[in-house]
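> Make a model of this:
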Amino acid sequence: MSDAVHVEIERKYDVDGQAALPRLNGVGGVAQVRYRPPVALEAVYFDTVDRDLSANGVTLRRRTGGTDAGWHVKIKSGEHRLELQSPLGAEDCVDAVPGPEGVRVPDRILDLVQVHVRGRSLVPIARLNTLRSVVDLMDFHGRQLAEVCDDQVAAMSVGFRSESRVQHWREWEVEVVDADLLDSALKVREVAGEGPTPDGASGGDDHPAGAGEGTADGAAPEAAPQEPASGTVRFLDAVGQVLQDSGARPSAAGSKVEKVVGKTADPLDPHAVDAPDGTAPGLHAVLTKTVRAEMKVLKGWDPLVRRDVEDSIHQFRVVCRTLRSTLQTYAPLLDPDATAGVNKDLRRLGRLLSVARDAEVVRDQVDERMEDLPGGASGPVAEMVPGKTVKRLRKVKAEEYSAAHDKLLKRMRTQWYFDVMDRLDAYARDVPLHPEVDEAQAVDAAGTMEPLAAEQVDAVLDLAERAATEEDAEHRIELMHEVRKEAKRLRYAVKAVQDATGLDLGTHLVARMKTAKKLQEALGEHRDSIMFQEHVLQTAKKAAKAGEDTFGYGVLFAAEFGLQRRTEERAEKLVEHLAQSHGQ
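Numbers count the residues shown, from 1 in each chain. Below is the predicted model:
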C-alpha cells in the first residue's frame, strides 16, 4: 500500500453471532461474488487525553494484517469519510514495548491531525482484533463494485478503568469500491468540507469547471426538481435491505472504536446552536453557526494541504477568504476588538497561501494556453513555440510552487499556527455580537443582515465605476482586481450564511450574488491572464540572457490580449446588469 487519499463510502450493520450472510447475486447489479479467505487484523487507535480527534470526527489507527496494513486517518464528513492511508515503515512494525502502549505515532502521520491536536501528545485508547471474511461483489464484466466484510471483533479500551473488560461483537460492512461504476457524483473535494465547496461542486472561484449558476442574464433560476438518488445510494439501499431482511440492524456507531470508548461531543458543532423547530434563528445563532461551519471546512482541508492534494491550497484559501468576507461584511454586528484579531490571523494565513496558489495557477496555465492557441497544442501556431520554451515556463513556476508549499508547511507546523487555530476556535465557540446590537436586531437576523450585504453591492459598483473611468492602464488593472475582490466578498458572505443556516436574505440579493459570481469569474480570468503575461515576459528576459530564441514567448504573450479584451467586455455587461438589478 502506498500513500493514498480516497472517499470511504460504506454502511455498517450490527448482527447476531449466528446469522448467516445472505446471497447477494442479482442485488443492485451484482452478477457474481467472490469469497476471500479470512484474515486476522489488529488495530491500535490513538487520541489525545481530552479526545480531541473524536470530538472532531477523526479516527487514527495503526493496522497490521490484511491488504491495507498501515496507518489510517479517517475524517468523518456527513455520511462518508475521507481516508488518508500510509504504509507501515520499518520503524512502525516493531513496538517499543509489548502491547498498545509500545506503539508510537510517526511524525508523518501526526502531521495529518495537527490541526486538531496542536502539539498535544497522542496516546493509545483502544485495541481491536478482528477476524474478517470478505465477499467481493462484481458486475457482469467481472469488475468489483463493492465488498462486504463479515467481522468478528474482540476489543478493549486502553488507559481506562474498563481496560480489562473485553467486548465482543459481530458486524457487517458494505463498502463501495468503484463509485464511478455506480454512477456516483461524489468527489474528494466535496467530502473534505461536508458538501460542495463554496465555489460549487466542481470548480474553484477563478477556474470553474462547469457553467455558472443562474440564467444567462444573472437572474435567479427557478427551483430545480429534486434529483433522484445516485447509483451508489440505490446500490447501498438494495444491498442493505437484503442484509436487514437477514437480521442485520443499521449500526448506531460511526466506527468500531466508537463502540469501545464512546463518542466525544464536538464543542463547535454547528447544529448545537440550531433554533427549536418552527422558530426563526436569531442573529447570534446565525453568525455562530456560519463561522462554525466554515471552521469545519477549513480543518477538513488542512491535512490535504499537508499531503499536497491537487487544488487543496486553493480550497483552503477559499475558506479563509469566506470567513474574512463574512466577518467584514457583517462587521457592524460583531464585537470590533475580538473580530479584529481574528481578521488579522486570517489575513496572515491567506497571504501564506497566496504565494503557493498564484504559482500553482500560472504553472497550470502553461499547458492550458498551448491548448488555447489556434489549432490547439499541435496546431501551426503552437509549432512556433519551442518545447524548450514551454518546459522553462512550466519549470520556473513548478519550482516556485514547491518552495512556497514547503514554506507554508513549515509555518503550519509551528506554535503560531496552533495559536491561530485556538483563537479561531474560541471565536467560533461563541461569536461575539457588537455591544450596540439591540434586541430587535438580535431577533430579526435576516432583516438585520440583508442591508449590510446590499451595501457590499454598492462597494462593487463604486469601484467598477472608478475602474471604467480610469485612464492609466496599470491603475485600471489594479482597480479591476479590487472590483473582483469586492464581488467575491459579496458572494462569499451571502453564500456562507445560506449554506450554513438556510437563512432567506431575499431573492433579489441572491440574484445579485449570482451575478457577482459571474463578475468575479470574468475578472478572475482577466487577472490570471495578466499574471501569465508577466510570467512569460520575465521568463523571456532570462531566456534571452541565456542566448535562447524568444519568439515563442512573444507568441504566448500576444495571445493574451484577446482574452483580456473579451473578459473586460463581459465584466462591463455584468456590472451594468448588477447596477440595474440594484436600482441604480
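> switch to C-alpha atoms for all contacts and neighbour counts from now on
Fine.
> mind listing what the residue nearest to Pro37 when sequence neighbours are not counted touches?
Sequence neighbours aside, Ser133 is the residue nearest to Pro37 in space, at 6.5 Å (criterion: C-alpha to C-alpha, 6 or more residues apart in numbering). Contacts for Ser133 (C-alpha atoms under 8 Å, 6 or more residues apart in numbering) come out as Tyr35, Arg36, Pro37, Pro38, Val39, Cys149, Asp150, Asp151.
> How much space separates Ser133 from Gly26?
To Gly26, Ser133 is 21 Å away according to C-alpha to C-alpha, to the nearest Å.
> same check, this time on Lys410
53 Å.
> for Val536, same thing?
According to C-alpha to C-alpha, Val536 and Gly26 sit 58 Å apart.
> between those two, which one's more packed in?
Val536 (24 against 13; other C-alpha atoms under 10 Å).
> before we move on, what SS does the more buried one have?
Classification of Val536 using DSSP: H, G, I helix; E, B strand; the rest coil returns helix.
> That one against Leu393, yeah?
Yes: with contact defined as C-alpha atoms under 8 Å, Val536 reaches Leu393; the gap is 7.0 Å.
> Could you list the low-pLDDT ranges of the stretch 1-150 of the chain?
1, 90-102 (pLDDT under 70).
> Mind jotting down where the strands sit in it?
4-8, 10-15, 32-35, 39-47, 58-64, 70-77, 80-86, 123-138, 144-157 (DSSP state E, counting those that start in this stretch).
> Could you give me the PyMOL syntax to select whichever of the contacts of Ser133 are buried?
Buried members of the contacts of Ser133, defined by 16 or more other C-alpha atoms under 10 Å, are picked up in PyMOL with:
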select buried, resi 149+150+151
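> Tabulate the contacts of Ser133 (CSV), appending distance to Gln244.
Shown next, in CSV, are the contacts of Ser133 (distance: C-alpha to C-alpha, whole Å):
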residue, distance to Gln244
Tyr35, 21
Arg36, 23
Pro37, 24
Pro38, 23
Val39, 25
Cys149, 15
Asp150, 14
Asp151, 16
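> tell me which of the contacts of Ser133 is nearest to Glu465?
Minimum distance to Glu465 across those is 63.0 Å, recorded for Cys149 (C-alpha to C-alpha).
> From Thr539, how far off is the closest one?
56 Å.
> What of Arg466?
From Arg466 across to Thr539, the span is 33 Å (C-alpha to C-alpha).
> Looking only at neighbour counts, state which of the two leads.
Thr539 (17 against 14).
> residues contacting that one?
Counted by C-alpha under 8 Å, 6+ apart, Thr539 has contacts Arg392, Leu393.
> Over to the one 5 residues further on?
When the contact criterion is C-alpha under 8 Å, 6+ apart, the partners of Ala544 are Thr550.
> Which pLDDT value goes with it?
In this model, Ala544 is scored at 94, pLDDT.
> can you confirm it is in a helix?
Yes: remark: Ala544 belongs to a helix, assigned using three-state DSSP.
> That one and Arg512, how far apart?
Distance, Ala544 to Arg512, by C-alpha to C-alpha: 48 Å.
> Val460 now?
Distance of Val460 to Arg512, computed by C-alpha to C-alpha: 11 Å.
> Next up, phi/psi of Lys514, please.
phi -70, psi -40 (degrees, to the nearest 10).
> With the one 5 residues further on instead?
Backbone torsions of Leu519, given as degrees, to the nearest 10, read phi -70, psi -40.
> That one contacts Ala487, correct?
Yes: here Leu519 reaches Ala487: they are 7.0 Å apart, a contact under C-alpha under 8 Å.
> After the lowest-mean-pLDDT helix or strand in the chain, heading C-terminal, what element do we hit next?
Every helix and strand in the chain was compared by mean pLDDT, DSSP states H and E; the lowest is helix 188-192, with a mean of 47. As assigned by DSSP states H and E, the chain's next helix or strand after helix 188-192 is helix 231-245.
> what does that following helix contact?
If you take C-alpha under 8 Å, 6+ apart as the criterion, helix 231-245 is touched by 11, 21-22, 24, 27-29, 174, 176, 179, 182-184, 250.
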